[in-house]
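Q: here's my sequence, what's the structure:
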Amino acid sequence: MKLTNRRHRPGFSLIELLAVITIIVILAALTVAGMGYVNEKQAASKAEVQIKLLENAIEAYKLDNGSYPGTSANTPAAGTGVSSQLYRALYLDGVTNGTTIYLPQLDPNDSKQGWLEGTGTSTKIVDPWGNEYRYRKGTNAQNPDFDIWSVGKDGKTNTASATHKDNKDDIGNF
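A: As a prediction, this is how the structure comes out:
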């Protein structure tokens, strides 16, 4: 019987382990990057749905009241500072005065959309990125009736030029 001396033990070498770890890291990075893209697409789709819900509620409000929501005939061209007026008109007035609630999804106690910020009359309607929805009506609107839009992930918009780079990720009804 001949005895052999084993110099190499069975197992993985350091190079093989490093190669496997590198492959795992690359796959994990691709997965995380892909999830970021999917989350952004989901947020954009959510904003589109919310804008459509707001559009329908605003139209129903006009049918009942004869004018679009908002305290002034012409809201600012930038559309800022009026989402709280929308909240009051489409939800809060209906709760406090016993009139029509035009958008029940704005209920702060049962809001699955997560699109409210603040409390009471100062509540703002916000998009999936936490930016206030913009609303304008009257002579400043691009549509004949009203405009409603989200400024997107970057939080910027430029109402002076429709082709401005700040408007690239805006989502709206115009």
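
Q: for the protein, which helix is longest?
A: Criterion DSSP state H: the longest helix present in the chain is helix 14-65.

Q: which other helices and strands contact that helix?
A: With contacts defined as 3 or more C-beta pairs under 8 Å, 6 or more residues apart in numbering; DSSP states H and E, helix 14-65 has these neighbours: strand 146-150, strand 171-172. C-betas here are computed from N, CA, C, even on glycine.

Q: so which of the ones you listed comes closest to residue 159?
A: strand 146-150 (9.3 Å; C-beta to C-beta).

Q: which non-adjacent residue is nearest the most centrally placed residue in the chain?
A: The centroid of the chain falls nearest to residue 128 when counting by C-alpha atoms, centre = their mean (2.5 Å). If the residues on either side of it in the chain are set aside, residue 128 comes closest to residue 43, at 3.9 Å by C-beta to C-beta, 6 or more residues apart in numbering.

Q: quick one: contacts for the one you found?
A: 128-129, 153 (C-beta atoms under 8 Å, 6 or more residues apart in numbering).

Q: tell me the one of the residues you listed nearest residue 59?
A: residue 128 (22.6 Å).

Q: quick check: the closest one touching residue 47?
A: Yes: the pair residue 128 and residue 47 passes the contact test of C-beta atoms under 8 Å, sitting 5.5 Å apart.

Q: tell me the mean pLDDT for the longest helix of the chain?
A: Summarised as a single mean, pLDDT over helix 14-65 is 91.

Q: all good on my end, thank you.
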